[in-house]
Every structure is written in structure tokens, then in C-alpha cells.
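In: Please work out how this folds:
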Amino acid sequence: MKKIIKAVSAVLLLAGITGCARIPDYSGISELPSESTDFENSSAEISQISDKFSTSDFTVIKQKFLSKLNAEGGVFEDASERTDGEFDGKGFLSFKEGGRLTHIVNANTPQLYRIIISARSESGAAVKLYVKKKAEGVIYIPAADEENAEFEYCSVDSIYLTSGSNTLDFVVEKGTADIDYILVENSEAVSADCYRVGTSAVNPSASLETVGVMKYLAEVYGSGVLAAVNVSLGTNAEIDAIYKATGRYPAIRTSELAYATLDIEDYTQKLQKDVGLALDWGKSGGIASYKWHWFSPNTKHSVDSGSFDMEEALDVKNLDEVALMDADELKLMVENGYLSPNLVSLINDIDKIAVVLKQFSDAKIPVIFEPVPNADAGLYWWGDSAECHGKLYRLIFDRLCRYQKLSNLIWVWSGSSEEFFPGTRYCDIIGQSIFENSNASFAGRFSALFDKKTDLRDLAGRASERRFYEARQRLVAMERA
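Out: Alright, predicted model coming up:
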């Protein structure tokens, strides 16, 4: 991940203040879902937001700290105690999906901490961490390589604990997991070095306007937050509600391109109205942004995992050359059995997206573009394979930038897994999507992507205890030197 960080510019976007960020499955429907135009309730909710914080609310007193909590010593549910194999203490706990483990750690001082669990999982698991009943992050446990796999360290960093008692809850959100013990140790804030980013755009034919927006994003990054609003398609309802409540507009208007590939008249009209509003937004000095949750280009028309076979569609050499073929060349390749019809259906959908985005390019309005987001979340068909996701993302990039010659796109890849990352040549911004009703900073997600101590962070997540502490000793020696 260290190579990724050096080459990728990033910006913290406060997205989705209101509106829906996940796309429901609209397969088979012919009518649009109803939309609310009642701004009163929305603006009232916004005006009632009272969770305001200052730096004084988070006093930090740095002190060395390390506490070990055996899992079986806590309160647990949907889990069984086991003593087979190698473990620490009196045994370990084997959790079903939905299982919960509660422990209390007594911190000496208020500061940032790293929460580490010694765990293993047969098929991989996601364990959500709550501190004092407040969601703070997710710990991902990789799938075991063998049946009797060793326990490994998996962690979440930059968790703020107050002095005294702190309740830790670990909930197995996905999969099953064995947990042996928990380590809590002092951590450091993210280094300021991570805010030193470039201003160039990866788009090979980026316009001056696009480079200008990238420069602005780089200047803002690390010094401020840009508010973005996810709007209901074809309206500015959420933006109007925020303005009514606060007297201010957000910097970024973000919407959805999913419906561009459905070829349903109602959706087409709705999207074109949305594009008109976004164009006006960009002409007025705002920043336009679009996500693309891709309805599968088959009869299922679904975003769900398993709804499209990427491996069959993308099983071709020289995909970068295929991305530059015109319609006649693609047709000939399919007729001669060199390309799958499913691959051509992917390219046809990308071209439909190009028709929408070209309207912004012609108007010289840059667009922050996030295609096939959150692939590593396990929710969508474009995340069924890390290798195929990379191919698909690069196909989208090459088709839009090199074939369609769109010069106005700023490329966002969102995710946490390095295996899914498409490469530094294809990404301006690394994004993070956090769907939690919590006022936590989720700084651990930021740390995992941008902390310069990436080698240690990788070891904390995957290596053995011996290697983990050897890495820490090397790090300390380097810092002292």
C-alpha cells in the first residue's frame, strides 16, 4: 500500500449528508420510486444536529500502554468455549455470525489506542468494534489458508479512549470467527506527511479545468473539509433543505449514474434533468460528482453480488487494446469467437455512461467520478473477484479516457483492500464509504490507508505474534535513529 500512497492524491469528502448512498435492486420495474418533496422535515432534522465537538473534548496525554484481555474472561453470546489446538490462557471463543464479546479495558490516560484481536476465521470475517456503545470501526479477519490455521493479529488503529473504564464490544457482523485474546496499546496520530500530495491528474488528456480542480482539492486536503450532498435523482431537494436550515450551500453536488444503462424512458428523463441541474451547479462554481453503481448488463439488471460473471466476460488477453475498438471491430471479434458477448455488453454500458459525461466535458465542467464503488464490501457483482475488479475498473478508465477522450474526469477508487486497488495510473483519489450512525471519526480507516508505517500495519493485520513484535522493535530503532 506504501507505493499507492505516494502516487495517489486524496481528499476527505463529507458525502451523503442526506439521501441514499446504496442502490436498491430495481430489476423489472417500470415506474420510478416515489420521491419526497417535503423540505420542512429535512431542514428541521438538519437544524437539530447538536453533536458539536472541539479539540478540548479530546484531551490527549501520551503514555506507553499495553493491556491483554483473554476472550474467555469477557461476557459473550452466540459463542462456545474451546480448548482444542494452540491458544493463550484457558482457551478461546468460537463465534457464530452475530456473536458478541464484551470486555472492559482500564486506560491510564486519554489518548489514541490500537485495538488488536488474536483471531482466525475459516472463510473470513468482519468484526465491528464499539467503544462505549459507539461504532468505531471494523476489524477484518482474512480467510484461513488451512483447516488448523494459527491465530493472527487483526487490528483497528487510532481509537480514542478516555482514562478509566472503556467498554469494548466486538460483534461478528459477517462470517464466523475464533477469538483468543485482545491487545490494547497506545497509538500515534496520523503523520502530517500524509497530507503532502500531488496536484496532477491521472487522466492522460486532462483539461486545464480538471487540473485546476485537482489543484484545489490538494490545497484543501489536510486543512479543511468539503461538504458534499447526495441528492435524490433529478432534484436538488437535499441541497435546498440544507440551505434552508443553514443559509449555506455545500461545495459538492453528488448523484448517481446507475440509471443511464437501463434504457427506461422515465429513468432517462429523470437522469437528464439531473444532468441539467449538475451542469448549472458546475457553471455556478460548485463541484459536480457522480457515482456509478452498475446494474448488471444482463437480464438480471442487478447490482447484487453474483449477478454477473466477470471472469467469463473479462477472460481475454490485451484488454487495453479491446477497450479502444469501435463497434464494428467488437462485433467482428465476437463473431469469430475472440470476445465474449458479455464483454461487449460491458463496453456498451460504458459508452452509455460516456454519453452522459460528455455533456460535462463539452461544457468544460470537471466531474469527480467514482465508478463501481466499494468493491471489497462484498455487496456488489463488481467485487466478486479482486483480479476481475481491477480489470473492470481499468477497462472503464481506458474506454472513457483513451477511446471516448473525456478530459474532465477526476477518478475516485473507494475501498480498503489493496488487492482490489486498480493501480496508481488509474486513480486520483482514494475514497472511503462509512455507513454508520455514529459521530466517531473512524480515523483507523484513514490510518490504514495513509499512515507511513504501512509495513507495521500490514504485519499487525496478518503476521504472527513474533514477527509483529520484531517489526515494532525495528520501527522503534528506526525512529530513534
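In: which secondary structure elements does the biggest strand by length in the chain contact?
Out: Ranked by residue count and defined by DSSP state E, the top strand of the chain is strand 92-107. Secondary-structure packing of strand 92-107 (3 or more Cβ pairs under 8 Å, 6 or more residues apart in numbering; DSSP states H and E): strand 66-70, strand 75-82, strand 164-174, strand 177-186. C-betas here are computed from N, CA, C, even on glycine.
In: Now do that strand against strand 164-174, angle only.
Out: Counting by axes from the mean of the first three to the mean of the last three Cα atoms, to 10 degrees, strand 92-107 lies at 150 degrees to strand 164-174.
In: so what strands line up beside strand 92-107?
Out: Its sheet considered, strand 92-107 pairs with strand 75-82 (antiparallel), strand 164-174 (antiparallel), strand 177-186 (antiparallel) by DSSP bridges.
In: deepest of the helices and strands packed on strand 92-107, which one?
Out: The highest mean neighbour count among these, using mean count of other Cβ atoms under 10 Å, belongs to strand 177-186: a mean of 22.
In: re the thing from before, show the subsequent helix or strand relative to the longest strand of the chain.
Out: strand 111-120 (DSSP states H and E).
In: Out of the helices and strands packed on strand 92-107, flag the one nearest R425.
Out: Nearest of these to R425, taken as Cβ to Cβ: strand 164-174 at 31.9 Å.
In: what's the angle between the closest one and strand 111-120?
Out: 40 degrees.
In: Pull strand 164-174 out as CSV, backbone CA atoms only.
Out: Listed in CSV are the C-alpha atoms of strand 164-174, where the atom choice follows Å, rounded to 0.1, in the frame of the first residue of the first chain:
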residue,chain,number,x,y,z
GLY,A,164,-10.6,4.9,33.3
SER,A,165,-13.1,2.2,32.2
ASN,A,166,-13.9,1.8,28.5
THR,A,167,-16.4,-0.8,27.3
LEU,A,168,-15.3,-2.7,24.2
ASP,A,169,-17.9,-4.6,22.2
PHE,A,170,-16.9,-6.9,19.3
VAL,A,171,-19.7,-8.0,17.1
VAL,A,172,-19.2,-10.6,14.3
GLU,A,173,-21.1,-8.9,11.5
LYS,A,174,-20.1,-11.3,8.8
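In: quick one: contacts of that strand?
Out: The contact list for strand 164-174, computed with Cβ atoms under 8 Å, 6 or more residues apart in numbering, reads 78, 95-107, 115, 117, 124-133, 138-139, 179, 182, 184, 378.
In: Over to stretch 436-447?
Out: Under the criterion Cβ under 8 Å, 6+ apart, residues 51, 53, 112, 131, 134-137, 156-160, 190, 416, 432, 434, 457 lie in contact with stretch 436-447.
In: would you list every one of the strands in the stretch 351-481 of the chain?
Out: 367-371, 409-414, 429-431 (DSSP state E, counting those that start in this stretch).
In: Tell me which strands the first one pairs with, and in which orientation.
Out: Read that as strand 367-371. Strand 367-371 sits in its sheet next to strand 287-292 (parallel), strand 409-414 (parallel), going by DSSP bridges.
In: Off-centre distance for stretch 375-392?
Out: Distance, stretch centre to chain centre, for stretch 375-392: 12 Å (Cα atoms, centre = their mean, to the nearest Å).
In: domain ranges for the chain?
Out: 2-53+192-431, 61-188 (automatic domain parsing).
In: could you redo the ones you listed as JSON lines and give each row mean pLDDT and distance to G444?
Out: Output for those, formatted as JSON lines (pLDDT from 0 to 100; distance: least, Cβ to Cβ, whole Å):
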{"stretch": "domain 2-53+192-431", "mean pLDDT": "84", "distance to G444": "10"}
{"stretch": "domain 61-188", "mean pLDDT": "92", "distance to G444": "4"}
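In: Let me have those domains in CSV, adding distance to F446 as columns.
Out: Below are the domains of the chain laid out as CSV (distance: least, Cβ to Cβ, whole Å):
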stretch, distance to F446
domain 2-53+192-431, 8
domain 61-188, 7
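In: Pull the contacting residues for N186.
Out: By Cβ under 8 Å, 6+ apart, the neighbours of N186 are K62, Q63, K64, F65, L66, Q111, L112, Y113, R114.
In: change it to 6 Å
Out: Going by Cβ atoms under 6 Å, 6 or more residues apart in numbering, N186 touches K64, F65.
In: Return the set of residues that bridge with it.
Out: Counting by DSSP bridges, N186 forms beta bridges with Y113.
In: just I104 next, same as before
Out: Beta-bridge partners, per DSSP bridges, of I104: T167.
In: Ok, which of the strands paired with strand 367-371 comes nearest T261?
Out: T261 lies closest to strand 287-292 among those, at 9.0 Å (Cβ to Cβ).
In: For the closest one, give me every contacting residue.
Out: For strand 287-292, contacts defined as Cβ under 6 Å, 6+ apart pick out 251-252, 254-257, 278, 281-282, 367-371, 373.
In: same deal with stretch 76-96?
Out: Outside stretch 76-96, the residues that touch it by Cβ under 6 Å, 6+ apart are 70-72, 98-101, 172, 176-181.
In: Can you get me the start-to-end distance on that stretch?
Out: 11 Å (Cα to Cα, to the nearest Å).
In: quick one on the thing from earlier: generate CSV for the strands paired with strand 367-371, with distance to S207 and mean neighbour count as supplementary columns.
Out: Below are those laid out as CSV (distance: least, Cβ to Cβ, whole Å; neighbours: other Cβ atoms under 10 Å):
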stretch, distance to S207, mean neighbour count
strand 287-292, 14, 24
strand 409-414, 10, 24
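In: Can I get those strands in a markdown table including distance to E150?
Out: As requested, the strands paired with strand 367-371 are exported to a markdown table (distance: least, Cβ to Cβ, whole Å):
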| stretch | distance to E150 |
| --- | --- |
| strand 287-292 | 40 |
| strand 409-414 | 32 |
